[in-house]
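J.: Next one to model:
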Amino acid sequence: MQSSIEMHLSFSEFERIADEALQSLPAHFVALMENVVIVVEEEPNEEDLGAMSDPEGELLGIYRGVPRPLRTHDMLPLLPDQIAIFRGPILRTSRNAQAAQRQIRETVLHELGHFFGLSDREMIY
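T.: Numbers count the residues shown, from 1 in each chain. Below you'll find the model as predicted:
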């Protein structure tokens, strides 16, 4: 069953909102975001779901990579880190388009926190 929000928030609109969240960051944070990409995926994969602390909840996003504080000068060149934002779970947990936009932005910011080395407990989201 497809919810009404899915009909009003296409994949490309979802990507645009995630990009706007990134563009809204202060310039000094953007300057530190080397070798990281934000991708929109429809659903998390099995490996992503295995990283969840609450298996009953929805996984809205995930950071895949080596946090900046853990990187060393002698590390081999890395593939770009990924921040994956999951469209399906965000749309299922949002009551309307405005709530989905807010959740996309919060999820992008939360996963960026992991990129910068913050744990879930250290973040306000």
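
J.: Show me where this structure has its strands.
T.: Assigned by DSSP state E, the strands in the chain fall at 36-41, 61-64, 81-86.

J.: Which helix runs longest in the chain?
T.: helix 97-115 (DSSP state H).

J.: could I have that one exported to PDB, CA atoms only?
T.: Provided in PDB are the C-alpha atoms of helix 97-115 (Å, rounded to 0.1, in the frame of the first residue of the first chain):
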ATOM      1  CA  ALA A  97       5.500  16.500   3.400                       C
ATOM      2  CA  GLN A  98       6.600  19.100   5.800                       C
ATOM      3  CA  ALA A  99       7.400  16.500   8.500                       C
ATOM      4  CA  ALA A 100       9.300  14.500   5.800                       C
ATOM      5  CA  GLN A 101      11.400  17.600   4.900                       C
ATOM      6  CA  ARG A 102      12.200  18.200   8.600                       C
ATOM      7  CA  GLN A 103      13.100  14.500   9.100                       C
ATOM      8  CA  ILE A 104      15.400  14.400   6.000                       C
ATOM      9  CA  ARG A 105      17.300  17.500   7.200                       C
ATOM     10  CA  GLU A 106      17.600  16.000  10.800                       C
ATOM     11  CA  THR A 107      18.800  12.700   9.400                       C
ATOM     12  CA  VAL A 108      21.400  14.400   7.100                       C
ATOM     13  CA  LEU A 109      22.700  16.400  10.100                       C
ATOM     14  CA  HIS A 110      22.700  13.400  12.400                       C
ATOM     15  CA  GLU A 111      24.700  11.200  10.000                       C
ATOM     16  CA  LEU A 112      27.100  14.100   9.400                       C
ATOM     17  CA  GLY A 113      27.600  14.100  13.200                       C
ATOM     18  CA  HIS A 114      28.900  10.500  12.900                       C
ATOM     19  CA  PHE A 115      31.200  11.700  10.000                       C
END
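
J.: could the strands of the chain be laid out in TSV, adding mean neighbour count, mean pLDDT and distance to Asp19?
T.: Any C-beta I mention is one placed from the backbone N, CA and C, and that applies to glycine too. Output for the strands of the chain, formatted as TSV (neighbours: other Cβ atoms under 10 Å; pLDDT from 0 to 100; distance: least, Cβ to Cβ, whole Å):
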stretch	mean neighbour count	mean pLDDT	distance to Asp19
strand 36-41	17	92	7
strand 61-64	22	94	14
strand 81-86	22	94	10
